[in-house]
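> Predicted coordinates and the sequence they were generated for:
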Amino acid sequence: RAARDLPWRNTRDPYRVLVSEFMLQQTQVARVAEYYPRFIERFPDLETLARAKPRAVREQWDGLGYYARARNLHALAKDVTRRHDATLPSDPEELIKLPGVGPYTAGAVASFAYEKPVPAVDTNVNRVLRRVFFDRATRNVQRATKVWELARTLVPKNGKRAWRFNQAIMELGALICVARRPKCPECPVRTVCRTGKSRRTDAQGRIG
DNA sequence: GTCCGGAACT
DNA sequence: AGTTCCGGAC
């Protein structure tokens, strides 16, 4: 509903989704918004990126940090161009085998590009789910796999709904259910959220 | 000065 | 389970 309009949300092109996710792994939205369009213009598709010189890729990435990810992305492009006929896999199990692709990025590409009904748990989503569904004691101890299990049960079975669901939770985590001082009074799910409920009566305590 | 963030590696 | 990478926000 109150989602921000971001360039990589208006596409289902797997390559573009992949690039945005690689950038977002390490950097905040505002900064990615600055780099992403230039990168896409310079390397519009996987083949172009695969053919590019490491130097050129690095230059486009300069200032974003975590340069190993740029190398991974480049290696991935070469990999996929060679082995998968320049088409990114749609299955998270396959995606995760690619360099620089972990559980989150695999889920994100599968959902945001291919509209597969799979969860994508980044730290935002992780934080939101833990606050909403787990009590304070459990929250600190919950293993990541538990949150993924929960996310799997929550994601709509319909791919388009799953896409919106994943985007919505990430947006919630990024704008409202932020790490430091969550804005519970503005939160649309506060009435069903453990944390939101307990905080409604509090003046403004911190979240443990 | 401290916290934040995915994946990879120890 | 803890560390590293890198730059920005606070």
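Right, received. Where do you want to start? Numbers count the residues shown, from 1 in each chain, chains lettered A, B, ... in the order given.
> I'd like the secondary structure assignment at A:Lys116, please.
Three-state call for A:Lys116 (DSSP: H, G, I helix; E, B strand; the rest coil): coil.
> any idea which element the nearest residue to it once chain neighbours are set aside lies in?
Excluding its sequence neighbours, the residue lying closest to A:Lys116 (Cβ to Cβ, 6 or more residues apart in numbering) is A:Ala110, at 4.2 Å. Every residue, glycine included, has its C-beta placed from N, CA and C. According to DSSP states H and E, A:Ala110 maps onto helix A:103-112.
> ok so, going back, please read off the pLDDT at the residue nearest to A:Lys116 from the model.
pLDDT for A:Ala110: 97.
> Surely it touches A:Ser90?
Yes. Counting by Cβ atoms under 8 Å, A:Ala110 touches A:Ser90, with 6.0 Å between them.
> joint contacts of the two?
Residues touching both A:Ala110 and A:Ser90 (Cβ atoms under 8 Å, 6 or more residues apart in numbering): A:Lys116.
> Who has more neighbours out of these two?
A:Ala110 (29 against 15; other Cβ atoms under 10 Å).
> Who are the contact partners of the more buried one?
A:90-92, A:95, A:116, A:118, A:120.
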